[in-house]
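J.: compute the structure for the input listed below.
(one chain, ligands or ions: 1)
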Amino acid sequence: MELQNKVALVTGGGTGIGRAASLELAKRGAIVIVNYSRSQSDAEETVQLINSEGGRAIAVQANVSCDEEVRAMTRTIVQHFDTVDLLVNNASITIHIPMDDLEAATEEVWDELFAVNVKGMFYCARAVAPFMRKNRKGAIVNLGSIAGQTGLGSSLPYAVSKAAVHGLTKSLARALAPDIRVNAIVPGAVATRWWSGREEQMNRLAPHLPLQRISTSEDIAAMICTALEQEAMTGQMITVDSGQTM
Ligand SMILES: NC(=O)c1ccc[n+]([C@@H]2O[C@H](COP(=O)([O-])OP(=O)(O)OC[C@H]3O[C@@H](n4cnc5c(N)ncnc54)[C@H](OP(=O)(O)O)[C@@H]3O)[C@@H](O)[C@H]2O)c1
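T.: Residues are numbered from 1 along each chain as shown. Purely as a prediction, here's the structure:
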């Protein structure tokens, strides 16, 4: 699918992978809605970067874990641009807990991570699906993680939430076919603020990876756009991890 003039919503589009995806989508001619929940100045700066390069973008605040806010955001987008063609379900959070500390994985932690990482992605897909269906065309990319494949991550509930994202991707791909394609990009370590305070740990990993490099946000953004464009693919998990899990 050509991304030119398509209306693309990127959740958490102001920072890291979301910002890189917003910029790459704009470079490929899409109109970009940069969603944020707290990082307003990052979202506005992303919009600024796109508009200064001759692209079209707006920032819209919504907490993706709140269905009402997601539906209101979708209404705002449709008021401005008539439809939504593309969704990058990128927004996620984590809480760092040692994997073996089961008591620290409290009900609150589970609920918070699942509300944003899993239900948030579902709410966004559900809100935009009717507009994609009306046009008989649409594409969704969810951000998974190798934590969801290996079981190892910043915390046990985070790893399980990403495994759920992979499951959500397959179920949505079935539920929304044939009009809407749904795929997941599954990154390994990516150099973003996600690692802030633990940069050394991230850098120590690099020499042990087959490709001896940590992925950049731009690496992931390029694959996100490719998955959105590829008309013969749905329900797939595409791992981009410098060979970490091969
Ligand atoms: N970096 C890595 O090593 C890595 C590895 C595997 C997978 N990933 C995945 O990549 C994605 C992007 O992460 P990143 O590395 O780019 O880190 P990041 O810069 O912290 O991005 C997370 C984004 O999610 C947004 N967000 C969080 N809660 C939200 C909510 N309730 N509503 C709306 N937006 C919300 C944040 O915006 P606000 O600040 O405005 O809330 C932020 O823009 C995530 O899905 C993450 O799980 C990252």
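
J.: who in this protein is up against the ligand?
T.: 11-12, 14-18, 35-39, 63-65, 90-93, 116, 120, 143, 145, 187, 189-190, 192-194 (CB under 6 Å from any ligand atom). The C-beta positions use only the backbone N, C-alpha and C, and glycine is treated the same way.

J.: could you list which of the residues you listed belong to strands?
T.: When the residues of the chain next to the ligand are checked against strands (DSSP state E), the matches are 35-36, 143, 187.

J.: right, and Leu87 touches Ile140 too?
T.: Yes: with contact defined as CB atoms under 8 Å, Leu87 reaches Ile140; the gap is 4.5 Å.

J.: now for those two: what residues contact both?
T.: Common contacts of Leu87 and Ile140, defined by CB atoms under 8 Å, 6 or more residues apart in numbering, comprise 125, 128.

J.: elements contacting the longest helix anywhere in the chain?
T.: The residue-count maximum for a helix in the chain (DSSP state H) belongs to helix 156-176. The elements that helix 156-176 packs onto, with contact taken as 3 or more CB pairs under 8 Å, 6 or more residues apart in numbering; DSSP states H and E, are helix 107-114, helix 120-134, strand 138-143, helix 147-150, strand 180-187.

J.: which of the ones in strands among the residues of the chain next to the ligand are buried?
T.: Buried subset of those (neighbour count, 16 or more other CB atoms under 10 Å): 35-36, 143, 187.

J.: how far does stretch 215-233 sit from its chain's centre?
T.: Relative to its chain's centre, stretch 215-233 lies at 11 Å (CA atoms, centre = their mean, to the nearest Å).

J.: Asn90 reaches Gly12, doesn't it?
T.: Yes: using CB under 8 Å, Asn90 is in contact with Gly12, at 4.7 Å.
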